[in-house]
Each structure stands twice: as structure tokens, then as C-alpha cells.
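A.B. asks: Coordinates for the following, if possible.
(chains A, B and C)
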Amino acid sequence: MNTFLKTAVETVRMKNPLVHHITNYVTVNDCANVTLAIGGSPIMADEALEVAEITAMSQVLVLNMGTLNERTVASMLLAGQTANEKGIPIIFDPVGAGASQFRNQTAKTIMENLKCAVIRGNISEIRFLAGIASTTKGVDASADDASSIEEAQQIADQLATAHKCIVVITGATDVISDGRRKILVHNGCPEMSRITGTGCMLTSLIASFCGGFPEHLFHATTTAVLTMGIAGELTLEQTAGTGSFRIALIDEISRIDRETLLLRGNYLEK
Amino acid sequence: MNTFLKTAVETVRMKNPLVHHITNYVTVNDCANVTLAIGGSPIMADEALEVAEITAMSQVLVLNMGTLNERTVASMLLAGQTANEKGIPIIFDPVGAGASQFRNQTAKTIMENLKCAVIRGNISEIRFLAGIASTTKGVDASADDASSIEEAQQIADQLATAHKCIVVITGATDVISDGRRKILVHNGCPEMSRITGTGCMLTSLIASFCGGFPEHLFHATTTAVLTMGIAGELTLEQTAGTGSFRIALIDEISRIDRETLLLRGNYLEK
Amino acid sequence: MNTFLKTAVETVRMKNPLVHHITNYVTVNDCANVTLAIGGSPIMADEALEVAEITAMSQVLVLNMGTLNERTVASMLLAGQTANEKGIPIIFDPVGAGASQFRNQTAKTIMENLKCAVIRGNISEIRFLAGIASTTKGVDASADDASSIEEAQQIADQLATAHKCIVVITGATDVISDGRRKILVHNGCPEMSRITGTGCMLTSLIASFCGGFPEHLFHATTTAVLTMGIAGELTLEQTAGTGSFRIALIDEISRIDRETLLLRGNYLEK
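C.D. replies: Now for the predicted structure:
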């Protein structure tokens, strides 16, 4: 992992991967800006008449369920089929899975019909995908679902193995598993949950790194998780409230470099 | 009112009410962030297939007409019916009422079919709802509608009495009426109208406080109006332009506390 | 041009033109905020049932293809017909033209059915509209399309002459042509392309100035381009990353005045 971190950011900035997002209208501007901040090139397009073409020219596809509707769900499936056919990695963010039958059904349809490369969610969303009873509180993790780190690891392993993909559960400690390998990340700060979109932004960072490293998705995903956590910590030292926290977070992502990742990265490979 | 202010913010932060928004895509990110800043938990969902479920799990529902379309109007009515059946307060923001037949008809349909707990608008929008001739300039109050404070109070009283709800008219002086009680708030600053979304953000603050105090909607609404106005004043002292004004405004909302409310709240109970 | 700059900003702030936007959900908040920052009044409305009415009460119409879909394309055509009938200038931003058949077809339909007053795009988008082979990379200009300044001027002249409109090609040097007159603007900085939406924001600035000066669209457009470039330069001197760059950019637009325009404007009339 350490070796990977030495070139990760510079490589993404050089390769400038095109990241096709079908995402929600709440955090979409932040997602575009963090994609640019890390060195990717965002394109947001959700019309069924064009998504296959847009995906085909992209290096990676983000499917984010934040404010889905019938029209965009159809577009997600079309874009996802193109991505699977062309070997373009899909990064799936099941926002609010568990919160409504429509979200549950959409998450299921995506999991059954598409091969996702990475799935990122909070513990409530990932429990739902893994078929484990979960309570949910809207789009935030429910306190009732707070699992021990051991349990979160089990759930991540199980879902990753079942779907042959990488699973990221974000929380106080982030868990990244591909079923064989596992990394725990201890970076980040609780203040990140006082602004909207840190989950969505991380998903866009994962996509940007995966777009730059299609052959090293596990390390690319971990680098994104480290970047987000470290940026949060650096941000905390300088902000006066949640408005400026969000802005400084994007500043720090735009300034992240190999030295900072190596110096501050706090992770455990298991 | 003073007694209420002593525990209002702390209570909302502890209760963390879930605030379902069906709102516009212009200011939605700011609405989510101010909801979090004051201690609520925002969920944005506008698909007809899920809104009833999402409303049912929420403590309060925001209906904001900012960028409505036929699809979302149908969702507003479905969500609103659920809210009324379950006794969940509806906070209605008739953005641009008076500006088009479609907005006028939608506002009328909502007023006739749903029982709203709080209606917040500028003087042009509220004049329209009250059936008084109004000119409108897009989504901003028309200078031609500038009423004397006395007239604004009359209109607020009349609409509040007719619909058995709380009416908030925002302007240089904000008027809050439930038909029996009335409060004038003198906080705020003109610079708040040089950024988009201060009206929408206030609506989300009202919703957050009402979600935390379903039995005290009048005082909850007033606390939200005070919070917004005081945050605007505090922001003014530190910003270099309208971009940083918007960010510092969210900062100040995230830092508001009982001491600030008691010290700076400038209101008159009538 | 110099004479025009002496009153341009003050006039827009005084006239406060209403700017109807049919635009994308990625940068819409920034577009609303820059419109307010320069002195316009933004209204975003894309429902076919109301766009004709909203356009009719506005001073200018923005059509931005950022996240178009079948529903909003129909609304763009309806709004555009009203604008043409009433002599309201249309400012067209063909975001991503060249990137998909759907965008290409939409751009073509707009160009064939509506008379646009100003078209603003990057070199890839404008090459596509001019019928010249272009590669495109999502919504950003492709490096392969980087033209010499001479070639960009030719393309702008050709498109402006063919459609009797003003064409703006933004890049390291911005080119503004109405087929007879031409201005090159050397303001701006590369950092502007590290945030999303500077193109969309410029389009909204152009609309605001054109709404204030319907009889002087060429000079109004140039003033908007100068404002954006100068704001970018001023911003660069004070920011810590791309998050705060975006906020300071809006600050600087809100503070621009005649002195700054006259002092820092770096342009060549040809």
C-alpha cells in the first residue's frame, strides 16, 4: 500500500480520468468539484438517450442513488450495462438503501443486473445490501446499526465475497474489503458528518482513483478513503463552522500530495 | 418566548429531527447543510413511488415550489396527504407564487388539499396566497408590493386565520402570525438578499425547529426566524463579498447557541 | 469599449434584469449567485407549463445544455420561441456539444429553430457548432482541439456570420466576435478550469449584462468576459485551494466596479 501511495495522486492528476456520474442533485456540485480537485474530469449526464455513449467514453461510472426517480433508474441500468460490456468499473453508492421500498428495489435491481467494482455506503446501507436486518434513518447511518468493528468487517467480507467486488463501509473506522484483503482506515473526524455529501464526495474520489488505476482497484479505493479522511483532519484545524468546513475540505483535497498521504495515512492492512 | 429560547437549539440538536424535503435544485445543497447545521437530519426525495414512505418516517415535511414540475407537484401532494394523516407538520414555501399560472395553480392546489402548519414567503408570494393583488418579479419580492408593516401584519393575520396555520412574511422586518399571536423580528440585514436561497434556508430552519417541537410550532418558527436573522448580522461583520457571505452564514447557523439568541434576538411580541 | 466600461456594472446593478435560466443541476446554484453578485435577478424554471410565461416577463433567457433531458429540451424550445417573438435575447451555452448524439441533435435543433443572440462555449463545443471536426472530452475542451488564436478567431467569425449572432470562445485567450467586430481578452487564469462551472457562470454573467444592455449586446458580452477574467485573477491572489477559489471568485464578482474593470481589463479590439 505504501508503495502505491507514492505515485497515486500524481498519476490521477496526469491521467485525468473522465468520471461519468449519474447522481443526486443535492451534492452534485461538490462531487464535480472534488473530482476536479483530485485530478479527474467529471461529466454528469442522466438522460437515457445519451448515457450509454457517455459511459463508453469514460474511464469509470458512478451510480449514486441519492435522489433517484424512475427516469434516472432506467438510465443507471443502461449506463451500467455499457460499463459492464466495456470493462469500465462501476462505483455504486446505495444512498438511503433501506429507507424505502423504491430504494430497496432499485438497489436490488442494480446488484442483480450489474457487476459493480466498488460499493460504498454507511453501515445501515451496507447491512441492507448484505441482507442483514437494518434500521435506517433517512440517508444517515442509524445508531441502532452501529456495529462493532469486528461485525462491520464480517459484513464487508461477506458482501465482497458474494459479489466479487470491493466493499467500503464508512464510519468512525472505515473498512475496505475485497473478500481476501482488508484494510481499516482510522483517519477522518466526526465533523465530516455535520455537512451533507461527504459520503457522495468520497464515492467520487474512489471513482477518480479507480479511473486512474483500473488494474489496482483495491489500492485505488483505499487511497481515496485515506485522502478523504486526511483532508477532513486537516480541515478541522482551520474552520469556524460547517459552511467553511465544506469549503476547506475541498481545498485540502485539491492540495493533497504523496507526502501528506504517507505522513498522515493511518491504516492497518489485515 | 424568552423561556423557549433557553432550550430551543439544544433540544433540536439532541432530537435530530428527520426533515423530508421536496424542494428545488437551486438551493437544495444549502438547505441540506443548514438543516445539518442546526441539528436536523435532511432527506431529499421527490419520486412519487417513495415519498409517502419517506414522509411517514420523518418528523416534518418541507414543500418548496422553487423549481417545480408536473412530476414533483404530484409527489408533493402524495407526501402532503401522508403528513396530514400522520399529524406531521408541513412547512410550505410558495416560491414564485404569482409568477406563472402553473405556480399559482400549484399553490392553490396545495392550499386547498393540504393543511399546512407553517407558510413562509416574501410579501409578493403571501399577498398572492391571501388573494390580494400582487405584482411579482420572478422569485423575489416586487418593490411594488412593499407594504407597510401594518399592512403586512394584517395580511399575515388574515391568511393565518383563514387557514388555521402560522404565516411568516420575511422582509426588512419579519412578521410571524398564527392569527391570535404575532411577533415582529427586527434581526437580519439587506445583504441576505444578495445571495440565493436565504428564504429556502429559513424554511428548512423552520422545519428543523418544528420537527424538534411539534407541540410548539409558533415558538419554534420564531426561533428559526431569529436564528437566520442573527446569523446574517454576525456574518456581515466578517465577509468580503457574497460568496463568503453564504459560507459564513452557514458557519454562524452551525454555531448558534442560547446565549447568542438571548443576547441578540430583537423581537416584539404583540 | 472603454467608454462602455465606465457605466456597465452600475447600470446592471440599477436595472436589476430578470434572467430566466433553463440550466443544469450541477452549477445552478453558482449561476444564481453570480447573477445576483453582478446585479441581476435569477429565476430558474424548466417546466413546459410555465416557461413561456417566465421568459415573457424576463429581460434575457439562458439556455444551458449541461444536464439536459427530453423534458427540458422541449422547455428550452418553448421558452426560446417566446424569447424570439418578444425580442428577448437568448444566451446559448452548448455544454458538451460533440459528446453525444443527443447533445449534438439538441444543439442543432436549437441553432436551426431559434435565433440566439450570444453563443458561448469552449473550442471543442464551438468547433462542433461550426461544423468543423472536433474531438471532445466530456464537457471540457479537448487538448486535440486546441487551436491557434488565429484559427479560433476564424471559427468565431464564421459561426457569428452564419448565424448573425455573437460568438464567445473561452480559453487561455477569449475570443468575442459578431462577424464584423472582434475582441481578444487576455484576462483570467488556468486555475479557473480546476473548478466546475466557470463556463456556466460566465454565461450567466453575459446574460446579466445583456439583460441590462439589450441594445449593446457586443459590449455587454465583452464586459462579462472581462469581469470573469479579472475576478479570476484577483481570486488567485488569495486562495488556499479549489474550494475557496470558487467562493472568492463569487466574492470578486460581487465587488467588481468600474475602476477595477478599467485598471485591469486586458483586451485588444481588432
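A.B. asks: Up against chain C, what does the stretch 51-200 of chain A have?
C.D. replies: A:Glu53, A:Ile54, A:Met57, A:Ser58, A:Arg71 (Cβ under 8 Å from any Cβ of the partner chain). Every C-beta, even on glycine, is put in place using the N, C-alpha and C of the backbone.
A.B. asks: With respect to chain B, which of these is nearest?
C.D. replies: Chain B has its nearest neighbour among these in A:Arg71, at 8.5 Å by Cβ to the nearest Cβ.
A.B. asks: so the helix or strand hosting that closest one versus helix B:70-86, what angle?
C.D. replies: For A:Arg71, the host element (DSSP states H and E) is helix A:70-86. Going by axes from the mean of the first three to the mean of the last three Cα atoms, to 10 degrees, helix A:70-86 is angled at 120 degrees with respect to helix B:70-86.
A.B. asks: Spit out the contact partners of the residue nearest to A:Gln158 when sequence neighbours are not counted.
C.D. replies: Setting aside the residues directly before and after it, A:Gln158 is nearest to A:Ala130 in space (Cβ to Cβ, 6 or more residues apart in numbering or on different chains), at 5.8 Å. Applying Cβ atoms under 8 Å, 6 or more residues apart in numbering or on different chains, we find A:Ala130 in contact with A:Ile155, A:Gln158, A:Leu159, A:Ala162.
A.B. asks: Now with 6 Å, please.
C.D. replies: A:Ile155, A:Gln158, A:Leu159 (Cβ atoms under 6 Å, 6 or more residues apart in numbering or on different chains).
A.B. asks: Can you get me a residue count around the first one?
C.D. replies: Other residues near A:Ile155 come to 23 when the count uses other Cβ atoms under 10 Å in any protein chain shown.
A.B. asks: and it, how far is that from C:Ser100?
C.D. replies: Per Cβ to Cβ, to the nearest Å, A:Ile155 is found 39 Å from C:Ser100.
A.B. asks: Give me the distance between the two termini of stretch A:61-70.
C.D. replies: 19 Å (Cα to Cα, to the nearest Å).
A.B. asks: Could you find the closest non-adjacent residue to A:Phe218?
C.D. replies: Per Cβ to Cβ, 6+ apart, closest to A:Phe218 is A:Asp178, 5.1 Å.
A.B. asks: OK, contacts around the one you found?
C.D. replies: Per Cβ under 6 Å, 6+ apart, neighbours of A:Asp178: A:Ala160, A:Ile166, A:Phe218.
A.B. asks: where in chain A is pLDDT low?
C.D. replies: Flagging of chain A using pLDDT under 70 yields the residue ranges A:134-137, A:143-146.
A.B. asks: switch to 80 and redo it
C.D. replies: A:133-147 (pLDDT under 80).
A.B. asks: tell me the helices in it, going along the chain?
C.D. replies: Using DSSP state H, the helices of chain A run over residues A:2-5, A:8-15, A:28-38, A:51-57, A:70-86, A:101-113, A:123-129, A:149-163, A:198-212, A:217-236, A:242-255, A:258-264.
A.B. asks: Any chance of those in a markdown table with distance to B:Glu150 as columns?
C.D. replies: Compiled in a markdown table, those are given as follows (distance: least, Cβ to Cβ, whole Å):
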| stretch | distance to B:Glu150 |
| --- | --- |
| helix A:2-5 | 67 |
| helix A:8-15 | 61 |
| helix A:28-38 | 42 |
| helix A:51-57 | 56 |
| helix A:70-86 | 48 |
| helix A:101-113 | 49 |
| helix A:123-129 | 52 |
| helix A:149-163 | 61 |
| helix A:198-212 | 47 |
| helix A:217-236 | 48 |
| helix A:242-255 | 36 |
| helix A:258-264 | 60 |
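A.B. asks: which of these is buried the deepest?
C.D. replies: helix A:198-212 (a mean of 30; mean count of other Cβ atoms under 10 Å in any protein chain shown).
A.B. asks: same for it, what does it pack against?
C.D. replies: Packing contacts for helix A:198-212, counted by 3 or more Cβ pairs under 6 Å, 6 or more residues apart in numbering or on different chains; DSSP states H and E, involve helix A:8-15, strand A:18-22, helix A:28-38, strand A:60-64, strand A:90-93, helix A:217-236.
A.B. asks: which residues sit against the last one?
C.D. replies: I take that to be helix A:217-236. A:4, A:8, A:117-118, A:166, A:174, A:176, A:178, A:183, A:185, A:187-189, A:191-192, A:202, A:205-206, A:209-210, A:213, A:245, A:248-249, A:252-253, A:256, A:261, A:264-265.
A.B. asks: Repeat that for the third one.
C.D. replies: Outside of helix A:28-38, the residues that reach it under the criterion Cβ under 6 Å, 6+ apart are A:12, A:19, A:23, A:42, A:197, A:200-201, A:204-205, A:208, A:250, A:253-254, C:26, C:194-196, C:242.
A.B. asks: what do you get for the fifth one?
C.D. replies: Surrounding strand A:90-93, the residues in contact under the criterion Cβ under 6 Å, 6+ apart are A:61-64, A:80, A:83, A:116-120, A:203, A:206-207.
A.B. asks: Need those in CSV (columns: distance to C:Thr170).
C.D. replies: Shown next, in CSV, are those (distance: Cβ to Cβ, whole Å):
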residue, distance to C:Thr170
A:Leu61, 28
A:Val62, 27
A:Leu63, 31
A:Asn64, 29
A:Gly80, 34
A:Ala83, 31
A:Cys116, 37
A:Ala117, 35
A:Val118, 35
A:Ile119, 38
A:Arg120, 35
A:Thr203, 30
A:Ile206, 31
A:Ala207, 27
